[in-house]
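Trainee: show me the folded form of this:
(2 chains)
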Number of protein chains: 2
Amino acid sequence: MAPNQFLINGKKSLGLNPFDRGLAFGDGVFRTIKIQNGVPKFWKFHYEILSHDAKSIQIDIPSSRILLNDIKKLFSEPGNFVGKFIITRGVSARGYQFKNNIKCTRILLKNKFIPVKNEMVKKGVCLQVCKQKISENSTLAGIKHLNRLENVLAKTELQEKNFDGILLDSHGYVNECISSTIIIRVGSTLYVPNQNRAGVSGVTKRIIIDNAEVMGYKVKIKKISLDDLMKSDEVVIANSIIGAIPIRKISNKKWKPCKLAYDINKIFKFI
Amino acid sequence: MAPNQFLINGKKSLGLNPFDRGLAFGDGVFRTIKIQNGVPKFWKFHYEILSHDAKSIQIDIPSSRILLNDIKKLFSEPGNFVGKFIITRGVSARGYQFKNNIKCTRILLKNKFIPVKNEMVKKGVCLQVCKQKISENSTLAGIKHLNRLENVLAKTELQEKNFDGILLDSHGYVNECISSTIIIRVGSTLYVPNQNRAGVSGVTKRIIIDNAEVMGYKVKIKKISLDDLMKSDEVVIANSIIGAIPIRKISNKKWKPCKLAYDINKIFKFI
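Mentor: Model prediction:
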């Protein structure tokens, strides 16, 4: 794969206009999508959530057809890749204001797909609790926008032995991991962190909630304390690139891999 | 002035690599600088604060000499302009992690300078209190980083009759305005909002604090409630492009323009 392959507004380009508000303010949204032989996995969900997120910050995004055409163009070779769509509000003069008729910029980036090792999915991975908190803002909560400096700083804390880091909100509740959603099981109930005030509400979380009953679980969205997490029967992280992975250790607490990640991955396979 | 003039890493360029982390995560810092006949106003302070901000998020920035060379190159024509330096962490593969030897990207943008009307500086301008809050995060507080979606959303609320909008933190304290710092006077004391948990701590705030005594004022940094603000004797906003402007009205409360903005602008002239 040649390096730095991308399309801007559907075209090969030498680069992005640096007056773009995506750069200036993080004024945009994004999605990271697994592309299998040219086909974007979970596309229906990705587009629905992308539309919702963009609308929440008053950005009009292109139709699903236009975005799918971009994917077709950039991912014409066989194999697995990771596509990243960034939709910014567009280019404007200096200052936070923008015109009503501003046109969004759509950027599609082509990245390598590096599969998670089988062993990790079987035996589980370790997490650490990050010192870096995610800030609370009910207007932006749940949206996958381009203001992600907190995730970058949290990642700098991550020790190599740990696969991902748990992000707490400023009240100390478990919200998500740096790059994945986190779900706990107690008995036959799955608990999903309440993200009304912070965090990113993504595709895999949505699919897990929608399919909990099919998998034989009840599901509840609630504030999850670190104590709740540590006392749970099972912990799983998931995102749309890595799928679901069981957690075997957080700090000194250990879990035996159970079947939740397996159940979730089975659902992911058929969607 | 030709549109869209910029330098990337000191060179004319066709555009920014869209794999840059400035776009992906807002992983960078910026400064907006008045350029008068090729000379950047308040440069010493801008560079000091830029260095401090970048260091706070572990970005190594180029020397002052390199940045000044860029300014010389892009602003060779006479007249007043606004320069915007964006320093990002650089380009990396997908994901929040970055290599230790990553090289920052420096971007310099050339913008028109639109002076504030004399009448505004004489008679004062109006402000409104924004519904959009700024979120609290002590790691990022004070830093002029590229995560500015809250400011963008606050600006969409701003009614045309109001010059700027007051941003409150999630505890309801006055922090700053969307595009400027805010200072109040009670008797002979200037009160500057405590920005330990949110907001941008900029050049003009620094100069005002440093020179308060010279101007004949005491100065205190404190949590300022809306009630404190409304009961103050004088309110002024300032940034390094517009200078200081008196406030004549916030909601139904009116002030007569007094001499604080005049005093501050006199100091700005000699720095």
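Trainee: check contacts around residue A:5.
Mentor: Residue A:5 is in contact with A:74, A:109-110, counting by Cβ atoms under 8 Å, 6 or more residues apart in numbering or on different chains. Glycine gets a C-beta too; all of them are placed from N, C-alpha and C.
Trainee: try 7 Å
Mentor: Contacts for residue A:5 (Cβ atoms under 7 Å, 6 or more residues apart in numbering or on different chains) come out as A:74, A:110.
Trainee: show me where the stretch 51-200 of chain A has helices.
Mentor: For the stretch 51-200 of chain A, helices defined by DSSP state H, counting those that start in this stretch occupy the ranges A:64-74, A:118-123, A:149-157.
Trainee: average model confidence for the second one?
Mentor: It refers to helix A:118-123. Taken as a whole, helix A:118-123 has an average pLDDT of 95.
Trainee: now the longest one
Mentor: The average pLDDT within helix A:64-74 is 98.
Trainee: what sits up against it?
Mentor: Helix A:64-74 has contacts (Cβ under 7 Å, 6+ apart) with A:5, A:7, A:10, A:35, A:38, A:40, A:47, A:83, A:85, A:106, A:108, A:110.
Trainee: let's see 8 Å
Mentor: So helix A:64-74 is contacted by A:5-7, A:10, A:33, A:35, A:38, A:40, A:43, A:47, A:61, A:83, A:85, A:106, A:108, A:110 (Cβ under 8 Å, 6+ apart).
Trainee: just the buried ones out of the residues you listed, please.
Mentor: A:6-7, A:33, A:35, A:40, A:43, A:47, A:61, A:83, A:85, A:106, A:108, A:110 (16 or more other Cβ atoms under 10 Å in any protein chain shown).
Trainee: in strands, which of those residues appear?
Mentor: A:6-7, A:33, A:35, A:40, A:83, A:85, A:106, A:108, A:110 (DSSP state E).
Trainee: filter these by proximity to chain B?
Mentor: Under the cut-off given by Cβ under 8 Å from any Cβ of the partner chain, chain B has residue A:6 from these close to it.
Trainee: now the ones in strands among the buried ones among the contacts of helix A:64-74 as TSV including distance to residue A:137 and pLDDT?
Mentor: As requested, these are arranged in TSV below (distance: Cβ to Cβ, whole Å; pLDDT from 0 to 100):
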residue	distance to residue A:137	pLDDT
A:6	30	97
A:7	32	97
A:33	26	98
A:35	32	98
A:40	30	98
A:83	28	98
A:85	23	98
A:106	25	98
A:108	28	98
A:110	32	97
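Trainee: chain B: which of the ones in strands among the buried ones among the contacts of helix A:64-74 is nearest?
Mentor: Here the nearest of those to chain B, counting by Cβ to the nearest Cβ, is residue A:6; it sits at 5.2 Å.
Trainee: residue A:150: neighbour count?
Mentor: When neighbours are defined as other Cβ atoms under 10 Å in any protein chain shown, residue A:150 has 24 of them.
Trainee: where are the low-confidence patches of chain A?
Mentor: A:1-4 (pLDDT under 70).
Trainee: now the residue of the stretch 1-150 of chain A found nearest chain B. Nearest residue, chain neighbours left out?
Mentor: Closest contact between the stretch 1-150 of chain A and chain B, by Cβ to the nearest Cβ, is at residue A:15 (2.2 Å). Nearest non-adjacent residue to residue A:15, counting by Cβ to Cβ, 6 or more residues apart in numbering or on different chains: residue B:15, 2.2 Å away.
Trainee: surely that neighbour touches residue A:13?
Mentor: Yes: if you go by Cβ atoms under 8 Å, residue B:15 and residue A:13 touch, sitting 6.7 Å apart.
Trainee: for chain A, just list every one of the strands.
Mentor: Assigned by DSSP E, chain A shows strands spanning A:6-8, A:28-36, A:39-40, A:80-88, A:105-112, A:125-129, A:164-168, A:174-177, A:181-186, A:189-193, A:218-222, A:234-239, A:243-250, A:253-254.
Trainee: and the fifth one, what does it pack against?
Mentor: With contacts defined as 3 or more Cβ pairs under 8 Å, 6 or more residues apart in numbering or on different chains; DSSP states H and E, the packing partners of strand A:105-112 are strand A:6-8, helix A:64-74, strand A:80-88.
Trainee: please list the residues of the stretch 101-250 of chain A that sit near chain B.
Mentor: Counting by Cβ under 8 Å from any Cβ, the stretch 101-250 of chain A sits next to chain B at A:107, A:109, A:111-112, A:132-137, A:139-140, A:145-156, A:158, A:170, A:178-179.
Trainee: wait, what's in contact with the spatially closest residue to residue A:201 that is not a sequence neighbour?
Mentor: Spatial nearest neighbour of residue A:201, excluding adjacent residues (Cβ to Cβ, 6+ apart): residue A:142 at 3.9 Å. Residues in contact with residue A:142 (Cβ under 8 Å, 6+ apart) are A:53, A:56, A:195-196, A:199-201.
Trainee: residue A:54 now?
Mentor: Listed by Cβ under 8 Å, 6+ apart, the contact set of residue A:54 reads A:29, A:60-61, A:87, A:104.
Trainee: try it again with 10 Å
Mentor: By Cβ atoms under 10 Å, 6 or more residues apart in numbering or on different chains, residue A:54 lies in contact with A:28-29, A:60-62, A:87-89, A:104, A:143-145.
Trainee: can I get these in a markdown table with distance to residue A:264?
Mentor: Output for those, formatted as a markdown table (distance: Cβ to Cβ, whole Å):
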| residue | distance to residue A:264 |
| --- | --- |
| A:28 | 30 |
| A:29 | 25 |
| A:60 | 34 |
| A:61 | 28 |
| A:62 | 31 |
| A:87 | 28 |
| A:88 | 32 |
| A:89 | 35 |
| A:104 | 33 |
| A:143 | 24 |
| A:144 | 20 |
| A:145 | 26 |
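Trainee: centre-most residue in chain A?
Mentor: residue A:202 (5.3 Å; Cα atoms, centre = their mean).
Trainee: from what I can see it touches residue A:242, true?
Mentor: No: counting by Cβ atoms under 10 Å, residue A:202 does not reach residue A:242; the two are 12.0 Å apart.
Trainee: need the overlap of contacts for the two.
Mentor: Contact criterion Cβ under 10 Å, 6+ apart; residues shared by residue A:202 and residue A:242: residue A:180.
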